[in-house]
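> Return atomic coordinates for the entry below.
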Amino acid sequence: MGKSRKKPDAPLLKLLAGQKLTTPPIWLMRQAGRYLPEYRKLREQKAGFLPLVEDSEAAAEATLQPINRFHFDAAILFSDILVIPYTLGQDLTFVKGEGPKLTPALVNHRLDLLTKLPDRLTPIYETVRRVAHRLSPETTFLGFAGSPWTVATYMVAGEGSRDQAVTRAMAYRDPQAFSEIIEAIIDLTVLYLDGQIEAGVDAVQLFDSWAGTLSPQQFERWVIDPTARLVEKLREKHPNIPIIGFPKGAASRIKAYIADTQVTAIGLDETIDPYWADQYLPADFPVQGNLDPLVLLAGGEALDQSITTILDAFSERPHIFNLGHGILPQTPLTHVSHLLEKIRG
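Prediction:
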């Protein structure tokens, strides 16, 4: 059985339980990161991103930095979705100016030749314990993982891409081999999220950053079905854990995603019309989003208008205010402060 939630005063957990709140709780994707000067200072002290993730005290500090500065309603664990392939046995490096690299790429390598290294997750669980101990009862602690499809795109190609063509082609060409990769990701992700929950997170988010590149049939096969099975397996261990799904780029397919995956709440990217979402998604279903990160960067009247539109569109349903994707590194801190003031009054 899952642990009972012990934060009756946490607004975000109230909302995930279906309560409508006058003031929506707020947190920002990638809120622990490069737009913060204190994070950049911390990062300089480490040899790279991965050493920071593996240093539990430093990762805990990075997780808490945005809470200390802005008092968001949720802290999200400082880590990366690619710790799953790293634990499955791929080597992970972060190349400046190019992003993450995984070797060997599974488009030309068999999954069963990799050696699993479960101890690579141990420092992350310790990070969770340290953060959970320091958070106030009003602040929700979010764990997370990448959804199977998005994680698989990196494992197969060995890097990120704009259209995931290498992975999409493999899924068509050799669905059996690709299914084996998906299954390995599901199994380890359930174990990983179970460990995060046991260590102290209050809810989890599944990031499917590349869900929008698939055809409808492939979306059903590689996004909805694996996510549904992941959610089912996790709920067998933790029946009451809130799960936020974020299938970026899914457009109108989010309706099927909600119905078939049984997530607790849906994260909307910035391309979704909030009025459409409010009209066509299930009544009273919690939504999260969906301010364009670029309008937060721009600020001014455009920012104010966008905030007003989102608040108005979701005024009659449970709503977590967030971005449509991650905060951009060059975002001025004054714009974040203004966003909070505008929402909280």
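
> buried sites along stretch 77-93?
Residues 77-90, 92 are the ones in stretch 77-93 that count as buried (16 or more other C-beta atoms under 10 Å). Placement of C-beta: from N, CA and C, glycine included.

> Mark which of the residues you listed are part of strands, please.
Secondary structure from DSSP state E places residue 92 of the buried residues of stretch 77-93 in strands.

> Just give me the closest of the buried residues of stretch 77-93 to residue 320.
residue 77 (16.7 Å; C-beta to C-beta).

> Distance check, that closest one against residue 291.
Separation of residue 77 from residue 291 (C-beta to C-beta, to the nearest Å): 22 Å.

> So, low pLDDT: which residues of this structure?
1-5 (pLDDT under 70).

> can you tell me which helix or strand the residue nearest the centre of it belongs to?
Nearest to the geometric centre of the chain sits residue 207, at 3.9 Å (C-alpha atoms, centre = their mean). Assigned by DSSP states H and E, residue 207 falls within strand 203-208.

> same for the helix or strand just after that strand, what does it pack against?
Per DSSP H and E, the first helix or strand lying C-terminal to strand 203-208 is helix 216-219. Applying 3 or more C-beta pairs under 8 Å, 6 or more residues apart in numbering; DSSP states H and E, we find helix 216-219 packed against helix 165-173.

> Can you mark which positions in the helix or strand following the helix it packs on are buried?
Downstream of helix 165-173, the first helix or strand assigned by DSSP H and E is helix 175-199. By 16+ other C-beta under 10 Å, the buried positions in helix 175-199 come out as 178, 181-182, 184-186, 188-197, 199.

> now the angle from helix 175-199 to strand 203-208?
Interaxial angle of helix 175-199 relative to strand 203-208 (axes from the mean of the first three to the mean of the last three C-alpha atoms, to 10 degrees): 160 degrees.

> and helix 175-199 with helix 165-173, angle?
Using the same axes, to 10 degrees: helix 175-199 against helix 165-173 is 120 degrees.

> tell me the strands in the stretch 201-345 of the chain, going along the chain?
In the stretch 201-345 of the chain, the strands defined using DSSP state E, counting those that start in this stretch lie at 203-208, 243-247, 265-267, 287-291, 319-323.
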